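> just need the structure, nothing else, for what follows:
(one chain, ligands or ions: 1)
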Amino acid sequence: METVRRVAVVGGNRIPFARSNGRYADASNQDMLTTALDGLVARFGLAGQRLGEVVAGAVLKHPRDFNLTREVVLGSRLDPRTPAYDIQQACGTGLEATILVANKIALGQIDAGVAGGVDTTSDAPLAVNEEFRRTLLKISASRTLTARLRAATRLRPHQPFLPETPRNAEPRTGLSMGEHAAITARQWGIDRHSQDVLTLASHQRLAAAYERGFFDDLVTPYLGLTRDQNLRPDTSMEKLAALRPVFGTRGAGQAEATMTAGNSSPLTDGASTVLLASEEWAADHHLPVLAYLTFSEVAAVDFVHGDEGLLMAPVYAVPRMLARAGLSLTDFDYYEIHEAFASQVLATLAAWESAEFCKERLGLDGPLGTIDRSKLNVNGSSLAAGHPFAATGGRIVATLAKLLAEDARESAGGRAARPRRGLISICASGGQGVVAILER
Ligand SMILES: CC(=O)CC(=O)SCCNC(=O)CCNC(=O)[C@H](O)C(C)(C)COP(=O)(O)OP(=O)(O)OC[C@H]1O[C@@H](n2cnc3c(N)ncnc32)[C@H](O)[C@@H]1OP(=O)(O)O
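Residues are numbered from 1 along each chain as shown. So this is what the prediction gives:
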């Protein structure tokens with residue numbers, strides 16, 4: 001059995017995130033992820049190096065992208081002998097990829113690797129309709145001309161013109177992510193004003209972070225974008241309050257619909273990567289360590305048969321992880337809670353603050369705790385930056401690792417100080433949640 005080693009986050013690189021059908025409308029997943037990876041290679045002097053592995057993925061993937069990540073490695077400046085493969089855990093993909101690479105490093109199976117994710121809603125895959133596809137398969141599998149002609153008689157002129165587009169909907173319920181979040185918002189009584197306050201803070205904090213150069217060594221300009229295209233530094237409570245609700249507007253309770261295009265993350269294109277390594281590998285390559293990935297957890301909720309919110313699985317994953325780590329919810333300097341929707345972040349916090357919920361559902365004696373809001377998403381999150389599904393995890397890991405490193409440097413002035421800690425929480429479709437702890 002190998003010894004468990006500490007896993008270092010060395011750094012990250014992403015491209016600015018673009019609005020759907022915005023600046024990256026003509027870019028593919030492969031183009032974007034290759035650019036993000038090559039930026040990482042350039043930043044850390046990895047050209048020609050053979051890494052342990054590269055793990056990444058996309059939520060919306062074309063059939064042509066058989067092993068997208070391997071194609072990306074072959075198109076990058078890494079040694080082509082670097083193994084690579086795709087994973088998919090919805091919006092948890094980037095963080096799950098990070099955990100996979102980290103686990104192999106911890107077990108001594110590899111010394112360094114890259115985790116990443118990419119998504120485009122502009123270049124989404126289109127499938128031909130099911131009936132047409134089945135007929136084409138039958139024609140191509142037919143062995144004789146007669147059989148082929150017989151299969152071809154099932155073709156109908158309208159079939160080729162009815163493509164199937166991917167829907168941002170949960171297969172088991174047919175509801176969109178936003179509709180699910182609206183149900184949860186109503187269950188938890190999350191009001192419009194609180195959602196807009198969180199949204200405004202996200203934009204203001206992301207803008208401030210860009211202004212002070214925080215992202216200078218995390219984001220590489222691409223196709224004319226130097227910062228996230230969705231960022232609206234000039235947004236205001238008045239502008240947000242003027243937007244009309246877009247989710248929860250049908251059926252019972254429509255009068256209380258609170259979710260708008262402002263307080264929902266937008267459809268986004270983008271890619272991110274993170275370099276992870278053993279401490280020895282980082283030292284051998286003269287690369288400073290930003291932070292360490294110490295714990296992770298994945299949970300799932302039964303949103304199909306029960307009354308659990310689709311995006312509420314992190315509510316369960318976090319306390320389990322805290323119990324294993326011997327920590328409480330308030331033992332953190334920073335909280336990175338992915339902002340799929342402002343209402344979902346606020347419902348998550350409300351659940352942890354509810355004695356009743358924590359007793360009944362989490363088996364605790366009382367509330368899990370209340371977090372200090374000034375420590376939440378201090379450099380903005382998905383409401384402002386956008387949310388290219390699989391790329392969000394890498395954005396968050398790299399951002400938090402750098403934040404912890406900066407903070408440790410500033411607060412200790414070089415002296416040994418208490419460890420700095422950050423919590424990552426990402427909700428994913430399918431009723432799942434991926435969470436992790438970074439320490440410095
Ligand atoms: C998938 C997983 O596994 C887990 C998850 O993360 S779940 C989350 C997955 N993601 C989603 O579900 C995406 C949800 N978002 C959407 O579907 C779409 O963005 C949306 C339906 C909410 C809005 O779409 P849209 O109408 O095309 O947005 P958009 O045109 O940008 O904005 C509408 C208006 O609001 C305005 N607006 C948006 N944000 C604003 C802000 N912060 N301040 C001021 N105005 C704003 C825009 O300017 C626009 O105004 P005009 O019509 O006057 O131009």
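> flag every residue of the stretch 151-300 of the chain that's near the ligand.
Proximity of the stretch 151-300 of the chain to the ligand (Cβ under 6 Å from any ligand atom) is limited to residues 168, 177-178, 199, 232, 235, 239-240, 243, 246, 261-262, 264-267. The way it works is simple: take the backbone N, C-alpha and C, and place the C-beta from them, glycine included.
> looking at the residues you listed, which are in helices?
177-178, 199, 239-240 (DSSP state H).
> identify the farthest-apart pair in the residues you listed.
Distance extremes for those: the farthest pair is M177 and K239 at 23.6 Å, using Cβ to Cβ.
> between those two, which one's more packed in?
A direct count of neighbours by other Cβ atoms under 10 Å for M177 and K239 places M177 higher, at 24 against 13.
> G22 versus that one, what's the distance?
With distances taken as Cβ to Cβ, to the nearest Å, M177 is found 20 Å from G22.
> repeat for A313
Distance of A313 to G22, computed by Cβ to Cβ: 30 Å.
> please apply the same query to Q187.
The value you get for Q187 to G22, if Cβ to Cβ is used, is 34 Å.
> then L136?
Per Cβ to Cβ, L136 is found 34 Å from G22.
> of A313 and G22, who's got more company?
A313 (27 against 18).
> let me know the pLDDT of that one.
If you check A313, the pLDDT there is 98.
> how far away is the most centrally placed residue in the chain from the ligand?
Residue closest to the average C-alpha location in the chain (Cα atoms, centre = their mean): T392, at 2.9 Å. T392 sits 7 Å away from the ligand, taking Cβ to the nearest ligand atom, to the nearest Å as the criterion.
> just checking, S328 touches L322?
Yes: using Cβ atoms under 8 Å, S328 is in contact with L322, at 6.4 Å.
> out of those two, which sits in the more crowded spot?
Using other Cβ under 10 Å as the criterion, S328 and L322 rank with L322 on top: 21 against 12.
> so that one lies in a helix, does it not?
Yes: remark: L322 belongs to a helix, assigned using DSSP: H, G, I helix; E, B strand; the rest coil.
> in the chain, what helix or strand scores lowest on average pLDDT?
The weakest-scoring helix or strand in the chain, judged by mean pLDDT, DSSP states H and E, is helix 130-141 (a mean of 87).
> pull the distance from that one to the chain's centre.
Chain-centre distance of helix 130-141: 36 Å, with Cα atoms, centre = their mean, to the nearest Å.
> average pLDDT for stretch 51-69?
Here the average pLDDT along stretch 51-69 is 95.
> let me fix that: stretch 195-212
For stretch 195-212, mean pLDDT is 98.
> what are the buried residues along that stretch?
Of all the residues in stretch 195-212, those buried under the rule 16 or more other Cβ atoms under 10 Å are 195-207, 209-210.
> can you name the next helix or strand after the least confident helix or strand of the chain?
helix 145-152 (DSSP states H and E).
> what's the angle between that next one and helix 130-141?
Interaxial angle, helix 145-152 versus helix 130-141 (axes from the mean of the first three to the mean of the last three Cα atoms, to 10 degrees): 180 degrees.
> chain center to helix 145-152, what's the gap?
For helix 145-152, the distance to the chain centre is 47 Å (Cα atoms, centre = their mean).
> what does that helix contact?
With contacts defined as Cβ atoms under 8 Å, 6 or more residues apart in numbering, helix 145-152 is touched by 135, 138-139, 142.
> just the helices from the stretch 201-350 of the chain, written as ranges.
237-241, 279-284, 313-325, 342-353 (DSSP state H, counting those that start in this stretch).
> just those: most buried one?
helix 342-353 (a mean of 25; mean count of other Cβ atoms under 10 Å).
> with only the CA atoms kept, save it in CSV.
What follows is helix 342-353, C-alpha atoms only, in CSV (Å, rounded to 0.1, in the frame of the first residue of the first chain):
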residue,chain,number,x,y,z
ALA,A,342,-28.7,33.2,-6.0
SER,A,343,-31.7,31.4,-4.5
GLN,A,344,-29.9,28.1,-4.4
VAL,A,345,-27.0,29.6,-2.5
LEU,A,346,-29.4,31.2,0.0
ALA,A,347,-31.5,28.0,0.4
THR,A,348,-28.2,26.1,1.1
LEU,A,349,-27.3,28.6,3.9
ALA,A,350,-30.9,28.5,5.2
ALA,A,351,-30.8,24.7,5.5
TRP,A,352,-27.6,24.8,7.5
GLU,A,353,-29.1,27.5,9.8
